[in-house]
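Chemist: mind looking at a prediction? Sequence and model below.
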Amino acid sequence: MTQLKTDISTPTLTFEEYLYYQGKPDVIYELYRGQLIEMPTPTGLHTRICNFLTAQFQRYFVTHDLPLVAMDVTGVRTEDNTSRIPDVLVCSVELAERICNRKGAGAFNFDENPVIVVEVTSDNWREDYILKRAEYAMVNIPEYWIVDPNKSKIQVCFNPNNEKGYEDLEFLPGQELHSVQFPDFILPVNRVFSPPMVIDLIREEQAERKQLEQRAEEERQRAQEERQRAQEERQRAQEERQRADRLAQRLRDMGIDPDAV
C-alpha cells in the first residue's frame, strides 16, 4: 500500500524515535527520511487481496514444513530514517518472534531483512513502482511483489544485486503467478484480483480435508474387506484340507491307499 500524505505537524524523527511515536488513533505511519507519512485507509478489495495472499503464504509454509511466516503492519527500515510498511511480508519464524518481543513499533532493522515483501498499489502507485522498488533493492530484499489491481498485473521483482537493481517478471490475468524463490508456490492471477474471503478459504480447506478423510476411510474399508475376503479364502482352503484329510483317513481305515485312488 502506498503513502498518502506527509504529516507536517510533527518534527523530523529519527528511526528510533519513530518506533515509539504515538500519533492519531487508528492511523498507521510510514517514516520517509524523517517525515511521518500517514497511510491511507485501504479499500475492501485491497484488504481482501492482502488477506488472501497472507493466507496462501501461510498454507504453503505449513504444507512444506518451512520455518517461515507471513505478516502485515510491520515496518522495514530501508534508509537511516526511513521505514516502509509493506502490505504483506514473509520472514523467518525466529525473526518474527524477535520483532514481536521487541518494545516499540514492530519494524525490521538493516540486518533483519524479510524474504519477500508485497505492495498492493493504490492511487499513488508510482511510490511502489519507483521509490519503494529502489529502496527494497538497496537493502537486498530477495523478492518484491507489486500487485496492481488498477492495471491488472503483478510484477515479481528479484535479484536485487543486479547492476540496474531488480529484474522482474510480469504476470497478467489468465496466467499463473509464481514466486522466484519458491517456484512451486503458484496462484492464478485471476484469483488474486478476485480473491475469496479467508472464511471461504477455510471452508474450502475443511471441504478438502473432509474429502480426503472420506477417501481414506473408503480405502480403509476396502482394505478391511480385502483382508476379510482373504481370511475367508484361507478358512475355506483350511476346511477343504481338513475334509481331504478326513477322507484320506477314512480310506486308510478301510484299507485303501488314498494315493492310489
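Modeler: All right, it came through fine.
Chemist: show me what the closest residue to Leu172 other than its chain neighbours bridges to in the sheet.
Modeler: Spatial nearest neighbour of Leu172, chain neighbours left out: Lys153 (5.5 Å); criterion: Cβ to Cβ, 6 or more residues apart in numbering. All C-beta atoms are positioned from the backbone trio N, CA, C, and that covers glycine. With DSSP bridges applied, Lys153 shows beta-bridge pairing to Asp148.
Chemist: show me the contacts for Lys153.
Modeler: Counting by Cβ atoms under 8 Å, 6 or more residues apart in numbering, Lys153 makes contact with Glu170, Phe171, Leu172.
Chemist: which helix or strand lies directly C-terminal to the host helix or strand of the first one?
Modeler: Here Glu170, judged by DSSP states H and E, is contained in strand 167-171. Using DSSP H and E, the helix or strand that follows strand 167-171 towards the C-terminus is strand 176-178.
Chemist: buried ones in that following strand?
Modeler: For strand 176-178, the neighbour count (16 or more other Cβ atoms under 10 Å) marks Leu177 as buried.
Chemist: need the mean per-residue confidence for the helix or strand just after that strand.
Modeler: Counting by DSSP H and E, the next helix or strand C-terminal to strand 176-178 is strand 186-188. Average pLDDT, strand 186-188: 97.
Chemist: show residues contacting the following helix or strand past strand 186-188.
Modeler: Where DSSP H and E defines the elements, the next helix or strand beyond strand 186-188 is helix 189-193. Residues outside helix 189-193 that contact it (Cβ under 8 Å, 6+ apart) are 49, 52-53, 147, 149, 152, 154, 171-177.
Chemist: recalculate using a threshold of 6 Å.
Modeler: In this structure, residues lying in contact with helix 189-193 by Cβ atoms under 6 Å, 6 or more residues apart in numbering are Pro149, Phe171, Pro173, Gln175, Leu177.
Chemist: ok, now stretch 251-261?
Modeler: Ala248.
Chemist: do that again at 10 Å, thanks
Modeler: For stretch 251-261, the surrounding residues in contact (Cβ atoms under 10 Å, 6 or more residues apart in numbering) are Ala244, Asp245, Leu247, Ala248, Gln249, Arg250.
Chemist: report the distance from the helix or strand the third one falls within to the chain centre.
Modeler: Right, the one you point to is Leu247. Assigned by DSSP H and E, Leu247 belongs to helix 198-253. In terms of Cα atoms, centre = their mean, to the nearest Å, the centre of helix 198-253 is found 40 Å from the chain centre.
Chemist: pLDDT of it, averaged?
Modeler: The model assigns helix 198-253 a mean pLDDT of 83.
Chemist: need the three-state assignment for Leu89.
Modeler: Here Leu89 is strand, with the state taken from DSSP: H, G, I helix; E, B strand; the rest coil.
Chemist: likewise the one 5 residues further on?
Modeler: Taking three-state DSSP as the rule, one finds Glu94 in the helix state.
Chemist: what's the burial count for it?
Modeler: Under the neighbour criterion other Cβ atoms under 10 Å, Glu94 is assigned a count of 10.
Chemist: for it, what are its contacts?
Modeler: Pro67, Val69.
Chemist: Pro142 contacts Asn159, doesn't it?
Modeler: Yes: if you go by Cβ atoms under 10 Å, Pro142 and Asn159 touch, sitting 8.2 Å apart.
Chemist: need the residues touching each of those two.
Modeler: Tyr166, Val180.
Chemist: those two: who's more crowded?
Modeler: For Pro142 versus Asn159, neighbours defined as other Cβ under 10 Å are more numerous around Pro142 (20 against 13).
Chemist: for stretch 188-196, which positions count as buried?
Modeler: Judged by neighbour count using 16+ other Cβ under 10 Å, the buried positions of stretch 188-196 are Val189, Val192, Phe193, Pro195.
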